[in-house]
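J.: Show me the folded form of this:
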Amino acid sequence: MSAYIPAAQESEIPDPGTLLVEVAERLIVLIHAAGHFYALDDVCTHDGGPLSDGPVAAEQGTLACPRHGAQFDLKTGAAKTMPATKATTCHEVKLENGTLFVRLNAE
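T.: The predicted structure is shown next:
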């Protein structure tokens, strides 16, 4: 597994909210929801569109694709609703001294 890479400042993401970042040449959407941080690939597995502009539903723990409404689990990246049927890749996030770090997963 890769090392943690600095990705953003905690203050850059409202709660709830998202921020699109590039980590090691990979587009990642950082999500702040209900006081927790998550990181997913910025790719809807339904049609390859970006997730970063989609709404966060903190109470459901999901991020919705802005194009067709597929919802993805913030903790696992699992597709929760149609039209997506495959998970998007989820990455590990940690917060240290106001900086968010991401450790990329292979898939």
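J.: drop to CA atoms for contacts and neighbour counts, all remaining ones
T.: OK.
J.: Could you list everything residue 95 pairs with in the sheet?
T.: Beta bridges link residue 95 to residue 100, judged by DSSP bridges.
J.: residues near residue 8, how many?
T.: A count of nearby residues for residue 8, using other Cα atoms under 10 Å, gives 20.
J.: Contact partners for it?
T.: Contacts for residue 8 were tallied using Cα atoms under 8 Å, 6 or more residues apart in numbering; they are 21, 99-101.
J.: Secondary structure element holding it?
T.: Using DSSP states H and E, residue 8 maps to strand 5-9.
J.: can you pull the alpha-carbon coordinates of the helix or strand following that strand into CSV?
T.: Note on strand 5-9: by DSSP H and E, the next helix or strand toward the C-terminus is strand 17-23. The C-alpha trace of strand 17-23 is given here as CSV (Å, rounded to 0.1, in the frame of the first residue of the first chain):
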residue,chain,number,x,y,z
GLY,A,17,-19.2,19.4,1.3
THR,A,18,-16.7,18.1,-1.2
LEU,A,19,-13.4,19.1,-2.7
LEU,A,20,-11.8,17.8,-5.9
VAL,A,21,-8.1,17.2,-5.5
GLU,A,22,-5.3,15.5,-7.5
VAL,A,23,-3.3,12.9,-5.5
